[in-house]
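next one to model:
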Amino acid sequence: MSDTVQIVEREAQSEPQAEASEPVSIYELIRDDILEGRLRPNERLKASALAEHYKTSTNPVREALQQLRGEGFVLFSPNKGARVRPIDEDFARDIYEVEALIEPYLTRWFVAMATEADIARLEALQDQMEALNFRDQVLHSELDTQFHKVVYERHYNRHAVEMWWRHREILRAIARRFPFAPARRREIMIEHRHYIEMIRNGDADGAAKAVADHIQGSGRHILEHMRAARRST
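Reported below is the predicted structural model:
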């Protein structure tokens, strides 16, 4: 297998006899370790050390670091090499601001072509989220992702969709560290219902505004949590 397509498997995190998880790329492993804080902010990223840690060669590590650099996770400095970009308030704010531009754009196109089956799918996913009521954060996140994929995944602008997906993964990781408070959870459910209603009515402007407000509300909530955590340290 060539270095460019080499993959590794995460070691089981629970029981020694648990089934191995699906294989993931070196890029995903490093990205997830940055997002989860296992690679610390400003930590040096040496290709040889990472290759040894992930049990691979240095070529896929270097390729992954370049990809992560392009996405803002890794910083390169002259004579210092690569280091972890802190996942701080500025980083989160920037992503939420970009998403508040991308998602209304993707939504407007969807409203013009949404079918009854699409709307029924959105309602079914929303029903599941409301029944779950955030009791399982991982499952809620998966349902929420499916909800938004119904709207975005068929858009012709694949670059915009891929950007949304990358940002979605970042925001999901941040949300795991700073869960939504009960009041914000209730707001999210109300916002989703309003969003569906705007789509059903064929109101592209209303749906675009609804999703922008939804993103901005979640962004403010997460940033407040991040500031509070910073002040407490």
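
tell me which stretches of the chain form helices.
26-35, 47-54, 58-70, 89-113, 116-132, 137-152, 158-177, 182-200, 204-232 (DSSP state H).

residue ranges in this protein under the pLDDT threshold?
The chain contains residues with pLDDT under 70 at 1-23.

how does it divide into domains?
Per automatic domain parsing, the structural domains of the chain span 3-84, 89-232.

can you redo the ones you listed as CSV with mean neighbour count?
Where C-beta positions appear, they are placed from N, C-alpha and C, glycine not excepted. Converted to CSV, those look like this (neighbours: other C-beta atoms under 10 Å):
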stretch, mean neighbour count
domain 3-84, 15
domain 89-232, 16
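
so what's the residue lying closest to Ile30 once chain neighbours are set aside up against?
Counting by C-beta to C-beta, 6 or more residues apart in numbering, Ala64 is the residue found nearest to Ile30 once chain neighbours are left out, at 5.3 Å. Contact partners of Ala64, counting by C-beta atoms under 8 Å, 6 or more residues apart in numbering, are Ser25, Ile26, Tyr27, Ile30, Arg31.

right, and the fourth one touches Ala49 too?
No - between Ile30 and Ala49 there is no contact, the gap being 11.7 Å when judged by C-beta atoms under 8 Å.

just to revisit the earlier point, which of the helices of the chain sits closest to Ser77?
Each of these has some distance to Ser77 by C-beta to C-beta; the shortest is helix 58-70, at 11.2 Å.

any idea how far Glu43 is from the residue of the chain positioned farthest from its centre?
Relative to the mean C-alpha coordinate of the chain, counting by C-alpha atoms, centre = their mean, the farthest residue is Asn79 (31.7 Å). With distances taken as C-beta to C-beta, to the nearest Å, Asn79 is found 17 Å from Glu43.

and Leu143, by the same measure?
On the measure of C-beta to C-beta, Leu143 and Glu43 end up 34 Å apart.

make a markdown table from the helices of the chain and add distance to Arg83 to it.
Output for the helices of the chain, formatted as a markdown table (distance: least, C-beta to C-beta, whole Å):
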| stretch | distance to Arg83 |
| --- | --- |
| helix 26-35 | 11 |
| helix 47-54 | 12 |
| helix 58-70 | 10 |
| helix 89-113 | 14 |
| helix 116-132 | 38 |
| helix 137-152 | 29 |
| helix 158-177 | 18 |
| helix 182-200 | 33 |
| helix 204-232 | 20 |
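
closest to the centroid, which residue in this structure?
Central residue of the chain (C-alpha atoms, centre = their mean): Glu169, at 1.8 Å.

in contact with that one, which residues?
Arg31, Leu35.
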